[in-house]
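> Next comes the sequence, and after it the predicted model I'd like to discuss.
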Amino acid sequence: MSQAEGKRRSGDKAAEYVTEGSIVGVGTGSTVAFFIEALGRMKDRIEGAVSSSEQSTRLLKEHGIAVLDLNATGTLDLYVDGADECDRHNRLIKGGGGALTREKIIAEASRRFVCIIDASKQVELLGKFPVPIEVIPMARSLVARRIAEMRGQPVWREGTVTDNGNWILDVHHWQITDPVALERELNQITGVVSVGLFARRAADVVIVDGVVR
């Protein structure tokens, strides 16, 4: 099976979790694009979607799906998103596409978080993929120094500005044995907006190449 076919199958499988008349939280990325395609085929059965990025907003609108404000919708029944890495406990690294803060907000606001990935994203230990950290621009160097003290290697993702107007540091060379503790520690650094570790709020369901794991 090709990687693209695995992503398509995962997107189609995730659509089975969508309930009649619901508002769906929608993440960002190449796998989610297939889910949006599937959602477009059932757009008359849902009220609309809450989007995690301008990129996904454009795709949703192209498929005729209403994009709603999370402040107006309240708690969502379902959030569907991809991941850059996923361990056996459904803890994730996300943010390769730069939308980690909005993704984290929607995940927190949803009763069920379904993560759709292809098999290449499964890992035993998180950290081979660099951990994205969204930072206030003036705090970039400050945060980078704190991360270096934690034995991470922060690299500024130059030229990238998030939808929130912030910058991203990608942290390399971490083997993350306790992602919940690391997420908590990083969140305490002044200037950090959001951390691409989804450990405290892990996925509830993981779909790999169209199969629920």
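Sure, I can see it.
> Could I get the full set of helices for the chain?
Remark: helices assigned in the chain by DSSP state H are 3-14, 30-40, 54-62, 70-73, 100-108, 140-149, 179-187.
> Using TSV, please lay out those together with mean neighbour count.
Backbone N, C-alpha and C define where each C-beta goes, glycine included. Listed next are these as TSV, based on neighbours: other CB atoms under 10 Å:
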stretch	mean neighbour count
helix 3-14	20
helix 30-40	21
helix 54-62	17
helix 70-73	12
helix 100-108	23
helix 140-149	16
helix 179-187	17
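> Can I get the ones you listed in JSON lines including mean pLDDT?
Formatted as JSON lines, those follow (pLDDT from 0 to 100):
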{"stretch": "helix 3-14", "mean pLDDT": "89"}
{"stretch": "helix 30-40", "mean pLDDT": "94"}
{"stretch": "helix 54-62", "mean pLDDT": "95"}
{"stretch": "helix 70-73", "mean pLDDT": "96"}
{"stretch": "helix 100-108", "mean pLDDT": "97"}
{"stretch": "helix 140-149", "mean pLDDT": "98"}
{"stretch": "helix 179-187", "mean pLDDT": "98"}
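> Relative to K121, which of the ones you listed is closest?
helix 30-40 (8.8 Å; CB to CB).
> who does the closest one touch, helix- and strand-wise?
Packing partners of helix 30-40 (3 or more CB pairs under 8 Å, 6 or more residues apart in numbering; DSSP states H and E): helix 3-14, strand 23-26, helix 54-62, strand 76-81, strand 110-117.
> quick one: which of those is nearest E158?
E158 lies closest to helix 54-62 among those, at 19.6 Å (CB to CB).
> Can you name the residues in contact with the closest one?
Contact partners of helix 54-62, identified using CB atoms under 8 Å, 6 or more residues apart in numbering, comprise 26-28, 32-33, 36, 39, 49, 51, 67, 97, 99, 163.
> gap between that helix and the chain center?
Computed by CA atoms, centre = their mean, to the nearest Å, the chain-centroid distance of helix 54-62 equals 16 Å.
> cool, stretch 50-70 as well?
Distance of stretch 50-70 from the chain centroid (CA atoms, centre = their mean) equals 15 Å.
> Going forward, count from 254.
OK, 254 is where the count begins now, so the last one is stretch 303-323.
> From the opening residue of it to its closing one, how far?
Terminal residues of stretch 303-323 are spaced 6 Å apart (CA to CA, to the nearest Å).
> What of stretch 296-308?
18 Å.
> Just the buried positions in that stretch, please.
By 16 or more other CB atoms under 10 Å, the buried positions in stretch 296-308 come out as I299, G301, A302, V303, S304, S305, S306, Q308.
> what's the distance between the residue nearest to K357 when sequence neighbours are not counted and R466?
Setting aside the residues directly before and after it, K357 is nearest to S447 in space (CB to CB, 6 or more residues apart in numbering), at 5.4 Å. Look at S447 and R466: by CB to CB, to the nearest Å, they are 26 Å apart.
> now do K374
According to CB to CB, K374 stands 11 Å off from R466.
> Show me what the nearest residue to T354 once chain neighbours are set aside is bridged to.
In this structure, T354 finds its nearest non-sequential neighbour in S447, 3.9 Å apart by CB to CB, 6+ apart. Taking DSSP bridges, one obtains E387 as the residues bridged to S447.
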